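Colleague: turn this into a structure:
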Amino acid sequence: MQLKNQLLGLTLSLLTIGCVDFNSLGDAKLPDYQAEFAVPLVNSRLTIADILDVNQTIGSLEVGADNTLQLIYRGDVLKRQSNEILEQFQSSFPPFIPVFSKDLRLPLNLLNGLELDQLIFKAGGFTYYLENENDQGLQIDFEFSSLIHEDGTPLQFSLNLDAYTGTGAKPFATNQSEPIDLTAYRLVPEDNEIVLKYSAQSSEGEALNASNFVIGLNDLDFSYIEGYLGQLEIPGGRDTVNIDFFENYTNGEIYFDEPQVSFFIDNSFGVPTRALVKEFFVETLSGAQLPVMSPLIDAGVDFPFPTLDQIGQIAKGEVLVNNSNSNIDTLLSANPIRVIYDVDALINPEADSDIAGFVTDSSFFDVQMEVRLPLLGRAEGFRATDTLSFDLGNTGNINSAEFKIITENELGVDVGLQVYFLDDQKNPIDSLFLENSAIIKGATVDDSGVPIASESVTTFVDFDQSRVEKVEDAPFMVLEARFSTETNAQQSVRIQNTQGVTIRIGAILGLSND
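Modeller: This next block holds a predicted model:
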């Protein structure tokens, strides 16, 4: 079963928990049968943790600081690894750069507004191709001033080309089959420009020019980028947090006094980032989609982020959406079955180029959402049902039965119970009670909603032979429970982990002489 509808698991115990004692039922005034057989069925105390059947794959039941139990539902909002960001930089480098000047300064226009301070390569290759169209031999000395090796020297190479005879293919040089490995290099622009230069001269020292000179940065991968990285929007996609609290709900109302939604942020990207909430609404059992309204949602949520002297650290933040800054209390008291959201992330939302940020190959951000429903509130005729298999067993020659049910309730919640017996087509054939009865009365609570005294109720249910015969072959039963805080009027009730219900059930079976 999923996370059960508030205390419905308690009704299951009435027919499924084995007994250990029947002595406490001896004070019952029972019919004077010619032949009687006393059957003890249940003697058990259930805490609220026993009553609420929690499916850990959907939600959890946790204890708050004041021992108030809380239903918790969690989901991922937005997760991104740095490789998704770095790939966009990798694809932005042109495959070839023409070297049309001996002293070349190329503006770095990789992304919108990018101002790069440094970039460290994790992989990549540097290639070149050039020709000699001069009738003299050519000596080339090349320096990529902005591409610095880890030993502090710029990338350099020298080569010689034969003279061009005037016919046929021009002499050329290339390293395309064996690129220079960039693993140990970093790119350090000057005023956001790439700087490179070369000299070309004949063997006699005459200044010449190379022709068709191009260089390439290929198969790039980065371990670090620093600078103003421009504005970049990262799509998140739509997702859902399911709430199974109302899974078996039929009607009535329940109100949570202090519901809240929290966003937990872990971020090791060293850049200003803002969560842009495109959609955020609650879907109810009736199919209504109710938007969450809050200034936080309208403005977006800014991530904390590490600074340049905190590289490798994770900045953590929390954003709380509650009664004071949203309509979340109304939404989460409207029989919600899921919270649906679509959140994107915007890097450098204010486009402030004075903020130098960074991204490493291990950077990430992770935004989690938590829906927290403290069990503090009110219920009015809240009904829930569950269908179970039923087997009365071999009733033999039983011609009547009287059930005695004694309950002692430490909870501030009234529970009215009805059990319907069903045939194999799941049509009702009889019920345990002739009408719904409040067999478990709620305890009175103080001003903080905590019960101050338990309540005890004794209930008798008679089955004559015709009713026994009617239900003895029933394969199914439906448990229907009605929950309310009528005992405490408009006072909110607090459910704590120490509270529970004691149940003792026995039966006097009348036996025929047949």
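
Colleague: any low-confidence regions in the stretch 251-400 of the chain?
Modeller: 251-253, 384, 390-396 (pLDDT under 70).

Colleague: all strands for it, in order.
Modeller: Here the stretch 251-400 of the chain has its strands, by DSSP state E, counting those that start in this stretch, at 260-267, 273-284, 289-291, 301-302, 315-321, 336-347, 357-360, 364-374, 376-389, 398-409.

Colleague: now do the longest one: which elements does it pack against?
Modeller: Yep, that's strand 376-389 we're talking about. helix 8-16, strand 249-256, strand 476-484, strand 493-494 (3 or more CB pairs under 8 Å, 6 or more residues apart in numbering; DSSP states H and E). Heads up, the C-betas are built off the backbone N, CA and C, glycines and all.

Colleague: so for G125, which of the strands of the stretch 251-400 of the chain sits nearest?
Modeller: Across the strands of the stretch 251-400 of the chain, G125 has its closest neighbour in strand 357-360 (21.8 Å, CB to CB).

Colleague: what separates the closest one from the chain centre, distance-wise?
Modeller: Centre-to-centre, strand 357-360 and its host chain are 26 Å apart (CA atoms, centre = their mean, to the nearest Å).

Colleague: give me the residues contacting it.
Modeller: Residues outside strand 357-360 that contact it (CB atoms under 8 Å, 6 or more residues apart in numbering): 82, 85-86, 223-229, 268-272, 305, 308, 311-312, 348.

Colleague: filter those to the buried ones?
Modeller: For the contacts of strand 357-360, a burial check counting by 16 or more other CB atoms under 10 Å picks out 82, 85-86, 223-229, 268-272, 305, 348.

Colleague: surely Q496 and L61 touch.
Modeller: No: counting by CB atoms under 8 Å, Q496 does not reach L61; the two are 12.0 Å apart.

Colleague: which residues do the two both contact?
Modeller: Common neighbours of Q496 and L61 (criterion: CB under 8 Å, 6+ apart): L69.

Colleague: dump the residue contacts of the closest residue to N242 other than its chain neighbours.
Modeller: Excluding the flanking residues, the one nearest N242 by CB to CB, 6 or more residues apart in numbering is R338, at 5.0 Å. Contacts for R338 were tallied using CB under 8 Å, 6+ apart; they are 240-243, 282-283.

Colleague: tell me the spacing between R338 and D244.
Modeller: Noted for R338: a distance of 9 Å to D244, by CB to CB, to the nearest Å.

Colleague: for F460, same thing?
Modeller: Distance check for F460 against D244: by CB to CB, it reads 35 Å.

Colleague: these two: which is more packed in?
Modeller: Neighbour count, other CB atoms under 10 Å: between F460 and D244, D244 has more, with 19 against 12.

Colleague: okay, the more buried one: pLDDT?
Modeller: Per-residue pLDDT puts D244 at 78.

Colleague: quick one: it is in a helix?
Modeller: No: with DSSP: H, G, I helix; E, B strand; the rest coil as the criterion, D244 is coil rather than part of a helix.

Colleague: now it: how far from F382?
Modeller: Using CB to CB, D244 is found at 15 Å from F382.

Colleague: list the buried ones in the helix or strand hosting N160?
Modeller: Per DSSP states H and E: N160 is located in strand 154-161. In terms of neighbour count (16+ other CB under 10 Å), strand 154-161 has its buried residues at 154-155, 161.

Colleague: now Y198: closest residue in space that isn't a chain neighbour?
Modeller: Sequence neighbours aside, F142 is the residue nearest to Y198 in space, at 4.3 Å (criterion: CB to CB, 6+ apart).

Colleague: wait, that neighbour touches F157, no?
Modeller: Yes: assessed by CB under 8 Å, F142 is found in contact with F157 at 5.3 Å.
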